[in-house]
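Asker: Compute the structure for the input listed below.
(one chain, ligands or ions: 2)
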Amino acid sequence: MKVLGIETSCDETAAAIVDSDHNILANRVLSQLEEHEPYGGVVPEIAARSHMDHLDRLIREALEEARLGFEDLDGIAATAGPGLIGGVFVGVMTAKAIAAARKLPFLAVNHLEGHALTARLTEGEAAAFPYLLLLVSGGHCQLLAVEAVGCYSRLGGTIDDAVGEAFDKTAKMMGLPYPGGPLMEQIAKKGDPERFDLPRPMKGRPGCDFSFSGLKTAVRNKILELAGEDGAISNLTDQDKSDLAASFQAAVGDVLIDRCSHAMDLFQARYGRPGPLVVAGGVAANLALRDRLTALTDQRQTSLLAPPVKLCTDNGVMIAWAGLERLQLGLTDSLDFAPRPRWPL
Ligand code: KG4
Ligand code: ZN
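Answerer: Ligands and ions are numbered 1, 2, ... in the order given. Modelled structure (predicted):
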């Protein structure tokens, strides 16, 4: 079985093809970063127009890469939400048009389900249901028990910012370009994680919820102290920035470990084992945080399953795979399906 997956919910235009033997037959991703960079964040209108300009070409390239025609496909999947609605419409309308013209099943995929199921493509049997999922991206921060395709039980989530958002906003305060997450990880390598004493919000509290706005504010206060009287970011040295990034990342790591540890207790009580723990979403690309999570899973005698870095940030493979899993279960969608800007798992 082969499925084409389309992703257009944020600032990546992506098309990919996967098969039921867990092969990635094509994976095309076009980042719009340069188009949004002057604005310091994603501009929805620019994103939607850019998806429209490039999606058809990317689909053609994906078919060429896989040496396939539309007639070889068994289904067309597209992110149908949550996300920036203009972009989601472009992907969904394109997928519906192909599905209608080629008489193929259409699969409306929840973007979060795409992230949630990617480990089943790359890790196979190790990611058999149920597993614990830490979903950490630019827009989401949740802990879920994944019981089956379409069956998610929420254990906790953020009460303010998502982790990726906290990385990006903190980076912006230090004058780093968008998206700051990957850059923060880079400069943190040269930094002292103990130089700044930052809070660990929610650490030690019962449950599995997160909060990052207090941490962000604490970093802002440190930046103001370092900037001095005229308040200019240029007064911060590269070492200051590296130390801030390292201290911030260490605080985020402590919070994630504490929250995941609580989630493992809940998971253990429900399913008789603490994991495995799957980490997904853009922030899962952070290798320093992955190392921390590996230490936790080792300690709890379970395993950490993390997709390869390039499948953590938004891509079409995850949508194709989630579509394929749904197709195998007969969970196809009508061409009347309306895109959903908000769509909790
Ligand atoms: O999953 P994703 O590509 O898009 C959303 O669905 O949000 O996640 C993007 C987010 C951004 O906030 C980005 O800064 C963050 O993931 N991110 C990282 C790293 N790579 C991407 N955050 C920390 N460290 C990284 N290496
Ligand atoms: Zn995402």
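
Asker: How about the residues of the stretch 201-345 of the chain by ligand 1?
Answerer: 281-283, 285-286, 313-314 (Cβ under 6 Å from any ligand atom). Every residue, glycine included, has its C-beta placed from N, CA and C.

Asker: Check the stretch 51-200 of the chain too.
Answerer: Near ligand 1, when you scan the stretch 51-200 of the chain using Cβ under 6 Å from any ligand atom, you find 137-139, 164, 167-168, 179-182, 185.

Asker: on that earlier part again, could you pick out which of the residues of the stretch 201-345 of the chain next to ligand 1 are near ligand 2?
Answerer: With Cβ under 5 Å from the ion as the criterion, those include residue 314 near ligand 2.

Asker: Quickly name whichever of the residues of the stretch 201-345 of the chain next to ligand 1 is closest to ligand 1.
Answerer: Using Cβ to the nearest ligand atom, residue 282 is the member of those that lies nearest ligand 1, at 2.0 Å.

Asker: what about stretch 93-110, average pLDDT?
Answerer: Average pLDDT, stretch 93-110: 98.

Asker: Return the distance of it from the chain's centre.
Answerer: 24 Å (Cα atoms, centre = their mean, to the nearest Å).

Asker: first to last residue in that stretch, what's the distance?
Answerer: End-to-end span of stretch 93-110 (Cα to Cα, to the nearest Å): 15 Å.

Asker: now the residues of the stretch 51-200 of the chain next to ligand 1 as CSV including pLDDT?
Answerer: Converted to CSV, these look like this (pLDDT from 0 to 100):
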residue, pLDDT
137, 95
138, 93
139, 91
164, 96
167, 97
168, 95
179, 89
180, 94
181, 96
182, 96
185, 98
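
Asker: For my notes, confirm residue 132 occurs in a strand.
Answerer: Yes - applying DSSP: H, G, I helix; E, B strand; the rest coil, one finds residue 132 inside a strand.

Asker: hang on, it packs against residue 263?
Answerer: Yes - Residue 132 lies in contact with residue 263 (Cβ atoms under 8 Å); the separation is 5.8 Å.
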